[in-house]
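In: All I have is the shape, not the residue letters:
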């Protein structure tokens, strides 16, 4: 008579051990995936690649821009928790410095790139339900979100 209970307890023990192990594994995966900053991990390389490809930079221009972007990344990491305004100010400073190295044709492409980034930010904020507009734009009045997003 005791044997059926032993089997039930053995299965229950294996089930609980699996649940505990699965829970710890899930927590670790979530921590690694969401608590790291993948957007900042490769900031410099992604920005340099985007500028080089989209602005058709010469190797000399790329060499001049690399320290500017690296400095911006360092500043962004430092003020990341300070808020969005500081982040925008650093990005604007970076773009102003990069613009000094560009040709007029590349400047036009940089402006297009900045507009695309602003649109992406606006869509992301809308998707996440944010209510803060991009830097320099007035805060919208209460009401439904705009239809153009």
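Out: Okay, I see it. Just so it is clear, the structure is predicted and the values come from calculations on it, not from any experiment.

In: What is the longest helix of the protein by residue count?
Out: helix 2-34 (DSSP state H).

In: Contacts only, for residue 57.
Out: The contact partners of residue 57, taken as CB atoms under 8 Å, 6 or more residues apart in numbering, are 51, 65, 106. Glycine gets a C-beta too; all of them are placed from N, C-alpha and C.

In: which residues touch the first one?
Out: When you say that, I think you mean residue 51. Under the criterion of CB under 8 Å, 6+ apart, the contact list for residue 51 reads 57, 62, 65, 69, 98.

In: Buried by neighbour count, from the residues you listed: which ones?
Out: With neighbours counted by 16 or more other CB atoms under 10 Å, the contacts of residue 51 contain buried members at 57, 62, 65, 69, 98.

In: would you list those in CSV and tack on pLDDT, distance to residue 21 and secondary structure?
Out: Formatted as CSV, the entries for the buried ones among the contacts of residue 51 read as follows, by pLDDT from 0 to 100; distance: CB to CB, whole Å; DSSP: H, G, I helix; E, B strand; the rest coil:
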residue, pLDDT, distance to residue 21, secondary structure
57, 90, 50, coil
62, 92, 48, helix
65, 92, 48, helix
69, 92, 43, helix
98, 90, 50, helix
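
In: and the residues you listed, which two are the farthest apart?
Out: For the buried ones among the contacts of residue 51, with distances taken as CB to CB, the pair at the greatest spread is 57 and 69 (11.5 Å).

In: roughly how far is stretch 98-110 from the heart of the chain?
Out: Stretch 98-110 has its average C-alpha position 24 Å from the chain's average C-alpha position, going by CA atoms, centre = their mean, to the nearest Å.
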